[in-house]
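Participant: Dropping the sequence and predicted coords here.
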Amino acid sequence: MLITVIHFASNAGKQYLCRPFQAVKFKALATTSVPVHNTSFMKDFASLTKVKLSVYVLFSSIAGYLLAVDTVNVTDLIMLCIGGYAMVGASNAFNQVIEKDLDKLMHRTKDRPVASGRMSTNTALVIAIILTILGLTLLYILNPKSAMFGAISIFSYTSLYTPLKTKTPLAVFVGAIPGAIPFMLGWVAATGNFGIEAGTLFMIQFFWQFPHFWAIGWFLYDDYKRGGFYMLPTGKKDKITVSQIILYTIWTIVCSILPVFGKTGALHISIYTAVIVLLLGLWMLQKGIVLYKTRTADDAKKLMLVSVSYISLLQIAYVVDKFVFQ
């Protein structure tokens, strides 16, 4: 639309160069670009809150909620969705405000709204604060424990993980805490309780994040280095790093099949689902072993993609198992 207006302006300028009255009419037309501006703001809002990531994280919360209930309360689910998105969106917005100068240095982040200058720091900060209040309020209406875990997630991501990223690779361990909360949060939102069931969901996603984010840190190593981020456990793309990726993948697999043994309270999966989850885990483990042998960015990217498929398919399998086999 904007290109069309500019093209029209160019032609009109030539046509009415010596016709003042009609040029005045054209000037009014040329400055009418409010819809374009609104569209641009919405795109920047989506980028500020990382809409794709936020929706993906929200999927984990919905899965956790469905695992905890026999009957879906639509109102509660809607509040969880809005509150969960606001919680993740607020964390991402605060992160981009804090890291705006570092984001300018990296290819993958330099076009973010705050780093690029399209959105002011104050505007982004106001959005982050509003999302924080909205998210925590809705989660509190569900139950106080949900709001508490939402607050822990925002605080740990913003005040601990974000500043630690430029100081130590241990930042990934800290960041795994808010990253593991959404799957567990769905269960807490549905039940109001944090027990072994919610703890198991937390541990699955906690251990999963290490192979996932270290794979990202591997194939984006040079870009992270430009921003001063050292995400890999040894700070280098070496075999020790891949050994830890393999180790945490194994821990992820172990936690993922625990519910089949009947020791995780009301959270239980059938032997059929356990086999499916085990095979998914072995798929991810195989990609880690390949990376150990090759140590290439391409194989690290394949591991990352498989890890995303793994956690998504696991959550789907858990939910299907609950409503089909139980």
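Facilitator: Nice, I can see it.

Participant: name the helices or strands packed onto the top helix by length along the chain?
Facilitator: If you go by DSSP state H, the chain has its longest helix at helix 297-324. Contacts defined by 3 or more C-beta pairs under 8 Å, 6 or more residues apart in numbering; DSSP states H and E place helix 297-324 against helix 51-68, helix 196-219, helix 271-294. (Glycine included, C-beta is placed from N, CA and C.)

Participant: Tell me which residues are up against the last one.
Facilitator: Okay, so that is helix 271-294. Helix 271-294 has contacts (C-beta atoms under 8 Å, 6 or more residues apart in numbering) with 211, 215, 218, 239, 242-243, 245-246, 249-250, 252-253, 256-257, 259-260, 269, 299-300, 302-303, 306-307, 309-310, 313-314, 317-318, 320-321, 325.

Participant: Pull out the buried members of those.
Facilitator: 211, 215, 218, 242, 245-246, 249, 252-253, 256-257, 259-260, 269, 299-300, 302-303, 306-307, 310, 314, 317-318, 321 (16 or more other C-beta atoms under 10 Å).

Participant: Check which residues of stretch 165-178 are buried.
Facilitator: Residues of stretch 165-178 classed as buried by neighbour count (16+ other C-beta under 10 Å): 165, 169, 171-172, 174-178.

Participant: So which of these sit within helices?
Facilitator: Using DSSP H, 171-172, 174-178 are the members of the buried residues of stretch 165-178 that sit in helices.

Participant: got TSV for those, with pLDDT and distance to residue 123 too?
Facilitator: Shown next, in TSV, are these (pLDDT from 0 to 100; distance: C-beta to C-beta, whole Å):
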residue	pLDDT	distance to residue 123
171	92	27
172	93	30
174	94	28
175	94	26
176	95	30
177	95	29
178	94	24
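
Participant: any chance of those residues in CSV, with distance to residue 135 too?
Facilitator: CSV is the format used below for those (distance: C-beta to C-beta, whole Å):
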residue, distance to residue 135
171, 23
172, 24
174, 21
175, 19
176, 20
177, 17
178, 13
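
Participant: so which of these comes closest to residue 83?
Facilitator: residue 178 (14.9 Å; C-beta to C-beta).

Participant: who's in contact with that closest one?
Facilitator: 91, 152-154, 156-157, 161.

Participant: how does this structure divide up, domain by domain?
Facilitator: What automatic domain parsing lists as the domains of the chain is 42-194, 195-326.

Participant: For residue 207, give me its contacts.
Facilitator: Applying C-beta under 8 Å, 6+ apart to residue 207 gives the contacts 248, 251-252, 255.

Participant: By neighbours, which of these wins?
Facilitator: Neighbour tally across these (other C-beta atoms under 10 Å): the maximum, 26 neighbours, falls on residue 252.

Participant: my guess is that one contacts residue 211, does it?
Facilitator: Yes: counting by C-beta atoms under 8 Å, residue 252 touches residue 211, with 7.1 Å between them.

Participant: for the residue nearest to residue 54 when sequence neighbours are not counted, what are its contacts?
Facilitator: Distances taken as C-beta to C-beta, 6 or more residues apart in numbering place residue 88 nearest to residue 54, at 4.4 Å, with adjacent residues excluded. Contacts for residue 88 (C-beta under 8 Å, 6+ apart) come out as 49-50, 53-54, 57-58, 153, 182.

Participant: Following element in sequence after the helix or strand hosting residue 88, please.
Facilitator: Element membership of residue 88 [criterion: DSSP states H and E] is helix 74-98. Next in sequence after helix 74-98, counting helices and strands by DSSP H and E, comes helix 100-103.

Participant: All good on my end, thank you.
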